[in-house]
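Trainee: Sequence and predicted structure below; questions after.
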Amino acid sequence: MRVDFDKYKEWTSKESPTEAEFNQVLEKAKELKGLTLEEAAVLLRIEDHQQIQKLMDVASYVKKEIYGKRMVLFAPLYTGNVCCNNCLYCGFRKDNKELKRVVLTQDQISSQVQSILESGHKRLLIICGEEGKNTLPNIVKSIRTAYAVEYKGQHIRRINVEIAPLSVEEFKELKKEQIGTYICFQETYDPELYSHYHISGPKKDYQYRLDVMDRAMEAGIDDVGIGALFGLADYKAEVLSLLAHAEHLEKTFGCGPHTVSVPRIEPAPGTPFSEAVPFPVSDDDFRKIVAILRVALPYTGIILSTRESEQLRKELFAYGVSQISAGSKTNPGGYGKEDSSNDNQFSLGDHRSLEQVIENLVDQDFIPSFCTGCYRLGRVGNDFMDMAKPGLIKCFCLPNGMTSFAEYLHDFANKDLQKKGFDVIDRMMVDLPNSESVTHMKEALTKMEKGERDIYL
């Protein structure tokens with residue numbers, strides 16, 4: 001895998017496109033087949049507010065056509081903040097003396113997962129620093145512990161994993177643990193700045209990290225998630241690098257990334273970047289990033305974390321984001337306790353509980369989804385993409401999202417939210433793709449009223 005970061009900077013530093021060039025790319029985007037790097041570069045050069053709004057509108061159209069009005073929810077679980085790397089932007093970095101170091105025991109992990117289940121989550125993202133105690137065997141133990149936790153008949157149904165790069169043989173071991181998506185961010189694709197930001201530790205090896213998804217997919221990991229930490233380098237070249245990475249995986253393995261994450265640098269205690277972000281990304285530019293990734297990679301999930309503010313998250317739900325964390329704690333052991341911000345990996349912009357986020361999604365006519373149907377029925381990797389590209393995946397996404405949400409309403413919601421939530425489900429019946437889906441949905445709702453759970457297509 002190679003990324004020509006300088007070439008992408010050159011492409012995106014040209015003059016703004018003509019109206020004809022811009023419209024031509026937007027028309028191509030509406031075909032739902034994605035964009036080339038050159039076409040994405042045209043969109044990255046727009047600055048006119050009317051053009052940006054037209055781009056956002058097309059991104060909204062693409063998202064609705066592919067996924068419908070559903071939003072997948074998950075909770076991150078930080079199992080440790082001990083790390084041997086020195087990354088200048090991260091609160092977990094080795095030389096941060098302000099941080100209280102923690103690696104959760106298996107009992108503590110079990111307790112944390114119970115707290116997460118009590119809130120209503122079904123999907124988990126396990127995250128930890130890179131250090132001796134967080135070896136693969138310990139991570140495997142943590143995954144097994146999390147899957148084994150039961151709370152009033154509730155279980156975690158999908159665990160995604162965000163850990164340091166592994167070898168092919170290690171990925172083969174990880175695959176045995178029934179993980180969902182393996183996630184790893186390149187942080188920045190600019191090799192010179194990467195070297196500057198990563199002072200010491202194994203993460204300093206740019207190429208080993210860049211090749212991690214090749215090793216994961218070679219080992220049989222079906223779904224991988226890539227990402228860049230916006231604010232470390234020129235954002236336009238970063239977006240093209242992400243697209244080049246996706247293109248490389250598609251050409252090499254016949255399947256691109258399952259997700260792309262778009263975190264922006266936020267202040268963190270004990271990091272040099274707490275007050276001065278090297279390449280600040282404005283909210284307007286961030287909106288453009290999300291919209292361009294949506295139209296360029298129409299079948300790839302876009303993940304937005306609680307780094308962003310409540311207001312910006314609410315806005316971006318409509319323009320391309322398809323998965324979000326909610327009610328998050330970014331300090332190990334943080335669930336079920338009062339906030340201890342000094343132990344966080346970064347500052348949160350959205351402090352709402354899962355229930356508050358769900359209520360807001362309902363107010364925006366979204367279906368909050370805890371669906372894990374595709375993963376549990378083997379619709380992953382190439383099989384997922386084979387269904388997504390002809391537009392068939394929405395035959396599963398919306399009905400499965402609706403049943404998973406109905407389950408949440410029965411088991412966790414207060415009466416006001418129950419009423420609002422079931423009203424949204426009723427209104428969404430007309431958006432189901434066919435009569436079979438409508439019949440399935442009505443039958444599923446009746447079964448759930450009688451106590452049946454975990455119904456999916």
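Mentor: Everything's here; your move.
Trainee: Pull out the buried residues from the lowest-mean-pLDDT helix or strand in the chain.
Mentor: Evaluated with mean pLDDT, DSSP states H and E, the helix-and-strand set of the chain has its lowest mean pLDDT in helix 381-388, which scores a mean of 78. If you call a residue buried by 16 or more other C-beta atoms under 10 Å, then helix 381-388 has these buried ones: 381, 384-385, 387-388. Quick note: C-beta positions are derived from backbone N, CA and C, even for glycine.
Trainee: same thing with stretch 387-394?
Mentor: Residues of stretch 387-394 classed as buried under the neighbour-count rule (16+ other C-beta under 10 Å) are 387-388, 393-394.
Trainee: Alpha carbons only: can I get it in CSV?
Mentor: As requested, C-alpha coordinates have been extracted for stretch 387-394 and formatted as CSV (Å, rounded to 0.1, in the frame of the first residue of the first chain):
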residue,chain,number,x,y,z
MET,A,387,-26.1,-6.8,-1.5
ALA,A,388,-25.3,-3.2,-0.8
LYS,A,389,-24.2,-2.2,-4.4
PRO,A,390,-27.5,-3.2,-6.1
GLY,A,391,-29.4,-1.4,-3.3
LEU,A,392,-30.7,-4.7,-1.7
ILE,A,393,-29.2,-4.0,1.8
LYS,A,394,-31.9,-1.6,2.7
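Trainee: right, and the helix or strand after the least confident helix or strand of the chain?
Mentor: Proceeding N to C from helix 381-388, the next assigned helix or strand is helix 394-411, under DSSP states H and E.
Trainee: pLDDT of that next one, averaged?
Mentor: Taken as a whole, helix 394-411 has a mean pLDDT of 91.
Trainee: hang on, the earlier thing: now the angle from the least confident helix or strand of the chain to helix 394-411?
Mentor: Counting by axes from the mean of the first three to the mean of the last three C-alpha atoms, to 10 degrees, helix 381-388 points 100 degrees away from the direction of helix 394-411.
Trainee: circling back: adding distance to Glu449, write the buried residues of stretch 387-394 out as JSON lines.
Mentor: Supplementary listing: these in JSON lines, determined by distance: C-beta to C-beta, whole Å:
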{"residue": "Met387", "distance to Glu449": "30"}
{"residue": "Ala388", "distance to Glu449": "32"}
{"residue": "Ile393", "distance to Glu449": "28"}
{"residue": "Lys394", "distance to Glu449": "26"}
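Trainee: And those, which is closest to Phe286?
Mentor: Among those, Ala388 lies closest to Phe286 (C-beta to C-beta), at 25.4 Å.
Trainee: just checking, the closest one touches Glu65?
Mentor: No - at 11.2 Å, Ala388 does not count as touching Glu65 under the criterion of C-beta atoms under 8 Å.
Trainee: Which positions in the one helix or strand Lys419 maps to come out as buried?
Mentor: Element membership of Lys419 [criterion: DSSP H and E] is helix 415-428. Going by neighbour count (16+ other C-beta under 10 Å), the buried part of helix 415-428 is 417, 421-422, 424-425, 428.
Trainee: Next: stretch 175-184.
Mentor: In stretch 175-184, residues buried by neighbour count (16+ other C-beta under 10 Å) are 177, 179-184.
Trainee: From the buried residues of helix 381-388, pick the one nearest Glu310.
Mentor: Ala388 (29.8 Å).
Trainee: can you tell me which residues contact that closest one?
Mentor: 66, 299 (C-beta atoms under 8 Å, 6 or more residues apart in numbering).
Trainee: go on, Ser322?
Mentor: By C-beta under 8 Å, 6+ apart, the contact list for Ser322 reads 63, 67, 70-72, 301-303.
Trainee: Spatially, what comes nearest to it if we skip its sequence neighbours?
Mentor: In space, and not counting its chain neighbours, Ser322 is closest to Gly301: 4.7 Å by C-beta to C-beta, 6 or more residues apart in numbering.
Trainee: can you pull up the bridge partners for that neighbour?
Mentor: Applying DSSP bridges to Gly301 yields these beta-bridge partners: Thr259.
Trainee: Give me the mean pLDDT for stretch 95-111.
Mentor: When pLDDT is averaged over stretch 95-111, the result is 93.
Trainee: outside of that stretch, which residues touch it?
Mentor: Residues from elsewhere that reach stretch 95-111 (C-beta under 8 Å, 6+ apart): 77, 79-82, 86, 91-92, 112, 128, 131, 133-134, 141-142, 145-146, 148-149, 269-271, 331-333, 336, 342-343.
Trainee: tell me which residues in that stretch are buried?
Mentor: Neighbour-count burial for stretch 95-111 flags 96, 99, 102-104, 109, 111 (criterion: 16+ other C-beta under 10 Å).
Trainee: And what about the closest residue to Glu308 other than its chain neighbours, helix, strand or coil?
Mentor: The shortest distance from Glu308 to any residue other than its chain neighbours is 4.9 Å, reached at Gly349 (C-beta to C-beta, 6+ apart). With DSSP: H, G, I helix; E, B strand; the rest coil as the basis, the three-state label of Gly349 is coil.
Trainee: Check the one 3 residues further on too.
Mentor: In terms of secondary structure, Arg352 is coil; the call rests on three-state DSSP.
Trainee: That one contacts Ser328, correct?
Mentor: No - shown here, Arg352 and Ser328 do not form a contact pair, counting by C-beta under 8 Å, at 9.7 Å.
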